[in-house]
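Q: one predicted model, sequence on top.
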Amino acid sequence: GQSLEQPSEVTAVEGAIVQINCTYQTSGFYGLSWYQQHDGGAPTFLSYNALDGLEETGRFSSFLSRSDSYGYLLLQELQMKDSASYFCAVLYNTDKLIFGTGTRLQVFP
Amino acid sequence: KAGVTQTPRYLIKTRGQQVTLSCSPISGHRSVSWYQQTPGQGLQFLFEYFSETQRNKGNFPGRFSGRQFSNSRSEMNVSTLELGDSALYLCASSYTVTGGASGANVLTFGAGSRLTVL
């Protein structure tokens, strides 16, 4: 079957850097996505990696290593508004998507 | 442009009842997916529709069903409700099927329908 693992919770202070890891076991892997969800809100798309390496979008970066079945989301210059849940999601077999259970990030002043 | 609209936003039902949830995707989006979200379980995939056809289905019992109309609007139905069906039900739309030729699978989610079963 398909499975993803990510930490349930991460804490950090404003201005810091935090890394949220995601390991997966899937066949027919296509790519890894990240979504952000604030409490009471809808998940919103952050990034997608299909190839190995780092993709940078402003303060957020996402990394993928296909050989290690591993990826991470890197958040820099943390702000209070970054407090949210972050979900990794694997696209496999062309058109199937499975989400991880989410990592709750708490940013403290 | 308008986002993904889900109705109703909140509803309370009792065990044994049935419920129908509605989702209007972003204009031009033809793929609609449904997810169940419960604390600690992440987003569990229910099903995906594209051009009125169910393309993928998750591991949920037959009590969970859905359909898509010609205007891409979608409904999901849960019959014989159980306490464990209490959850946030999220609908997401995308321009193509999940993934597709473009590779990137950007889903736009609605705010969800929060179902409480008593």
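A: That came through, no problem. Just so we're clear, the structure is a prediction, and the values are computed from it rather than from any experiment.

Q: skipping adjacent residues, who's closest to residue 9 in space?
A: I'll assume chain A. Spatial nearest neighbour of residue A:9, chain neighbours left out: residue A:104 (4.7 Å); criterion: Cβ to Cβ, 6 or more residues apart in numbering or on different chains. Where you see a C-beta, it was placed from the backbone N, CA and C, and this is true even at glycine.

Q: that's the other chain; I wanted chain B
A: In space, residue B:9 is closest to residue B:113, 6.2 Å off (Cβ to Cβ, 6+ apart).

Q: ok, that neighbour - contacts?
A: The contact partners of residue B:113, by Cβ atoms under 8 Å, 6 or more residues apart in numbering or on different chains, come to B:6-11, B:21, B:88-89.

Q: ditto for residue A:85
A: Counting by Cβ under 8 Å, 6+ apart, residue A:85 touches A:36-39, A:102-105.

Q: related to what we said a few turns ago, any idea of the pLDDT on the residue nearest to residue A:9?
A: As predicted, residue A:104 sits at a pLDDT of 97.

Q: from the rest of the structure, what touches the one helix or strand it maps to?
A: Assigned by DSSP states H and E, residue A:104 belongs to strand A:103-108. For strand A:103-108, the surrounding residues in contact (Cβ under 8 Å, 6+ apart) are A:6-14, A:18, A:20, A:75, A:78-80, A:82-87.

Q: pull the CA atoms of that strand into PDB?
A: C-alpha atoms of strand A:103-108 as PDB (Å, rounded to 0.1, in the frame of the first residue of the first chain):
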ATOM      1  CA  THR A 103       2.300  18.500  10.800                       C
ATOM      2  CA  ARG A 104       1.000  21.100  13.200                       C
ATOM      3  CA  LEU A 105       3.400  24.000  13.300                       C
ATOM      4  CA  GLN A 106       3.200  26.400  16.200                       C
ATOM      5  CA  VAL A 107       5.200  29.600  16.000                       C
ATOM      6  CA  PHE A 108       5.900  31.400  19.300                       C
END
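
Q: partners of that strand, with directions?
A: Here strand A:103-108 is paired, per DSSP bridges, with strand A:9-13 (parallel), strand A:84-92 (antiparallel).

Q: whatever helix or strand comes next after the shortest one pairs with which strands, parallel or anti?
A: The one in question is strand A:9-13. Using DSSP H and E, the helix or strand that follows strand A:9-13 towards the C-terminus is strand A:18-25. When pairing is defined by DSSP bridges, strand A:18-25 lines up against strand A:3-5 (antiparallel), strand A:70-75 (antiparallel).

Q: just say which of the ones you listed is most tucked in.
A: Among the strands paired with strand A:18-25, the stretch with the highest mean neighbour count (mean count of other Cβ atoms under 10 Å in any protein chain shown) is strand A:70-75, at a mean of 21.

Q: for residue A:29, grab the count of nearby residues.
A: For residue A:29, the neighbour count with other Cβ atoms under 10 Å in any protein chain shown is 17.
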